[in-house]
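Engineer: take this sequence and fold it.
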Amino acid sequence: MEINDLTPAELRVREAFATGTAVDLRDDGADELGPERSVRARLLRSLLLNGPHEPGEIAAVKLSGARITGVLDLRHATVDCIVRLSDCRFDTAPDLSGAQLKYLNLSNSELPGLSGARMRVDGSLRLTGCRFGGQVHLGGAQISGALFLERAEINGVDAAQPVLGLNQVTVEDELCAPELRVEGEIRLSGARVGGSVNLEDARLNHPGGTALDAESLDVGANLLGRRLTARGRIDLRGTRIPGRLDLLRATLSNPGNTALRASSCVIAELWLRGGPQISGRLNLRRAQIEQLHLEPEMLPEEVRLLDLTYTFLTPHEPVERRLPMLERDGVTYDPHGYEQLTAAYRRSGDDHAARHVQLAKQRRHRTTLSWYGRLWGHVQDATVGYGFRPLRALGWLLSLLAIGAVAFAVHRPPALKPAEAPDFNPVFFALDLLVPVISFGQEAAYAPEGWSQWLSYLLVLAGWILATTVLAGVTRTVSRQ
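Structural biologist: As a prediction, this is how the structure comes out:
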């Protein structure tokens, strides 16, 4: 551009460029929309690509409070100087697709959108406090420093496209976006972040759609979402998080659909505590989690836990508060879920709760059997609690023994061979009937008649049932050990 064509504001910018001096067009109190604060984008492009340099000085564009008119087109350009356009207003969305920059700062600026697909920034990209009226496309970008989006606001106009496209992006440092406000979808699928992803106090709003698509996200540290509010689905399928997925006091809502999908993930710690009940479905299928911090109050009505593995489950809760999550899976019967919960209780030293979970597992399995299988299951449950309540068998045995002893004492059965029969003992006679593998010589010597004969049949049958169920329970216990 010819120097004679420049406005006073543009002259200030041009003169300051060679030495990297900061220019704040708000200093003179001019109207934000007036020509006194307007700078044409093509001047900025000209300076960034071919601007004057002074020996011993570091050239830079450091402009604040300007209205940028026209398109700042830096497609596939190489910019060797720092670019800081803070508190500015862009009439048209800048296009930085494929550009190579040292550092870019657009903090607190207002933009219709931003195109930066496959761009490369050798330092950090700072979009702090920016207000975007359209899509921000940074797919495939490579950022050697950090990406700052704290307090940024993005309002998409095309619901069919992600309003914040960070798919396949590479950030060597952190993705820092606390208090981010987004109306529409964030796409972070396939991205790699060397540090943490910080979404604390963020507000993601895309009701009925996907608020955050972060499939196969690779995080070097943590994914922080404390006090996050998300209306729409959060999809983290296949994500790798060696630190924490922290959703402490988060509000997740997607009624009638999946609110949080973390299936097939590898996570060191997952925190779901302190927030309201999740509205929508929670999907943790095939996830591998070392430590699961899960409060029952946050669990929704639908929970998908098929093939979920975890080592520790906290906080320690009574088994009655943990079992309902296994009954909300939607599958008829998943033994793996019960085994995981059992192992977690055993690691915490609560063997009583572990046995209770195993008993609940057998009862759930019973619902999948045929009628005769269910009948036999009820018998095992009532008698010995599927082997997990062995003392119950002793109670049944003593009760039947007492009934038999009293009945046979009142109505003594006649001896088969009076001359050879031992002295009658009603207790050992009833015990002979009840215990099928032990003989005290009473059963073979006496033959009950009438109603006592039917009682003897009942005791023999009850003895075999008790013996069989106890054997089944012992076998199950030994095989489990």
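Engineer: quick one: the nearest residue to Leu164 once chain neighbours are set aside and Ser124, what's the gap?
Structural biologist: Excluding the flanking residues, the one nearest Leu164 by CB to CB, 6 or more residues apart in numbering is Ile186, at 4.5 Å. The way it works is simple: take the backbone N, C-alpha and C, and place the C-beta from them, glycine included. Going from Ile186 to Ser124 by CB to CB, to the nearest Å gives 19 Å.
Engineer: contacts only, for the residue nearest to Leu164.
Structural biologist: Pro162, Val163, Leu164, Leu166, Leu204, Ala211, Leu212, Asp213, Ala214 (CB atoms under 8 Å, 6 or more residues apart in numbering).
Engineer: run through the stretch 351-481 of the chain and note the low-pLDDT ranges.
Structural biologist: 376, 379-380, 382-394, 468-481 (pLDDT under 70).
Engineer: now do stretch 200-214: everything it contacts.
Structural biologist: 159, 162, 167, 177-189, 191, 224-236, 239, 254, 257.
Engineer: among those residues, name the ones in helices.
Structural biologist: Among the contacts of stretch 200-214, no member falls in helices (criterion: DSSP state H).
Engineer: which of these are buried?
Structural biologist: 162, 167, 177-189, 191, 224-236, 239, 254 (16 or more other CB atoms under 10 Å).
Engineer: narrow the residues you listed to those in strands?
Structural biologist: The strands, defined by DSSP state E, take in 181-183, 186-187, 224, 229-235, 254 from the buried ones among the contacts of stretch 200-214.
Engineer: can you redo the residues you listed as CSV with distance to Thr21 and pLDDT?
Structural biologist: What follows is these, written out as CSV (distance: CB to CB, whole Å; pLDDT from 0 to 100):
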residue, distance to Thr21, pLDDT
Arg181, 33, 97
Val182, 35, 96
Glu183, 38, 94
Ile186, 37, 96
Arg187, 39, 95
Leu224, 38, 97
Thr229, 42, 97
Ala230, 43, 97
Arg231, 45, 96
Gly232, 45, 95
Arg233, 48, 96
Ile234, 45, 97
Asp235, 46, 97
Asn254, 50, 96
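Engineer: what is the nearest of the contacts of Ile186 to Ser279?
Structural biologist: Ala211 (12.8 Å; CB to CB).
Engineer: look at that closest one and say how many residues are nearby.
Structural biologist: When neighbours are defined as other CB atoms under 10 Å, Ala211 has 27 of them.
Engineer: if I've got this straight, it is in a strand?
Structural biologist: Yes - Ala211 sits within a strand when classified using DSSP: H, G, I helix; E, B strand; the rest coil.
Engineer: how near is the nearest residue to it once chain neighbours are set aside to Leu245?
Structural biologist: Of all residues not flanking Ala211 in the chain, Gly232 sits nearest, at 3.3 Å (CB to CB, 6+ apart). Here the criterion is CB to CB. By it, Gly232 lies 18 Å from Leu245.
Engineer: ok, now Leu398?
Structural biologist: 53 Å.
Engineer: between these two, which has more neighbouring residues?
Structural biologist: For Leu398 and Leu245, the more surrounded residue by other CB under 10 Å is Leu245, and the numbers stand at 25 against 11.
Engineer: residue ranges for the helices of this protein, please.
Structural biologist: Going by DSSP H, the chain shows helices at 8-17, 41-50, 319-326, 335-347, 351-366, 371-384, 391-410, 426-434, 451-480.
Engineer: list the contacts of the closest residue in space to Leu247 that isn't next to it in sequence.
Structural biologist: Distances taken as CB to CB, 6+ apart place Gly225 nearest to Leu247, at 4.9 Å, with adjacent residues excluded. Counting by CB under 8 Å, 6+ apart, Gly225 makes contact with Leu199, Glu200, Ala202, Leu245, Asp246, Leu247, Ala250.
Engineer: same thing with Leu6?
Structural biologist: Leu6 neighbours (CB under 8 Å, 6+ apart): Arg14, Leu43.
Engineer: go with 7 Å
Structural biologist: Arg14 (CB atoms under 7 Å, 6 or more residues apart in numbering).
Engineer: from memory Ile58 sits against Ala18, does it?
Structural biologist: No - between Ile58 and Ala18 there is no contact, the gap being 9.4 Å when judged by CB atoms under 7 Å.
Engineer: more crowded one of those two?
Structural biologist: Ala18 (17 against 11).
Engineer: how close does the more buried one sit to Pro296?
Structural biologist: Ala18 is 65 Å from Pro296, by CB to CB.
Engineer: okay, now Phe428: neighbour count?
Structural biologist: Residues near Phe428, counting by other CB under 10 Å: 18.
Engineer: start at 59, not 1
Structural biologist: Shifting the count to begin at 59 puts that one at Phe486.
Engineer: roughly how far apart are the closest residue in space to it that isn't next to it in sequence and Glu73?
Structural biologist: Using CB to CB, 6+ apart and skipping the chain neighbours, the partner closest in space to Phe486 is Phe498 (4.4 Å). Relative to Glu73, Phe498 is positioned 115 Å away (CB to CB).
Engineer: do the same with Gly453
Structural biologist: From Gly453 to Glu73 the distance is 98 Å (CB to CB).
Engineer: next one: Lys475
Structural biologist: From Lys475 to Glu73 the distance is 130 Å (CB to CB).
Engineer: comparing those two, which shows the higher neighbour count?
Structural biologist: For Lys475 versus Glu73, neighbours defined as other CB under 10 Å are more numerous around Glu73 (13 against 9).
Engineer: what about Val377, neighbour count?
Structural biologist: For Val377, using other CB under 10 Å, the count is 18.
Engineer: check Thr65 too.
Structural biologist: 15.
Engineer: contacting residues around it?
Structural biologist: So Thr65 contacts Pro93, Ser96 (CB under 7 Å, 6+ apart).
Engineer: need the pLDDT of it.
Structural biologist: Predicted confidence (pLDDT) for Thr65: 88.
Engineer: tell me how far it lies from Ala124.
Structural biologist: For Thr65 relative to Ala124 (CB to CB), the value is 11 Å.
Engineer: cool, Arg319 as well?
Structural biologist: Arg319 is 43 Å from Ala124, by CB to CB.
Engineer: tell me the contacts of Ser406?
Structural biologist: His374.
Engineer: and His134, by the same measure?
Structural biologist: So, once contact is read as CB under 7 Å, 6+ apart, His134 ends up touching Gly156, Ala157.
Engineer: with the one 5 residues further on instead?
Structural biologist: Taking CB under 7 Å, 6+ apart, we find Cys139 in contact with Leu106, Ala117, Ala118, Val119, Lys160.
Engineer: from the residues you listed, pick the one nearest Asp138.
Structural biologist: Closest to Asp138, out of all of the contacts of Cys139 and judged by CB to CB, is Lys160, at 6.3 Å.
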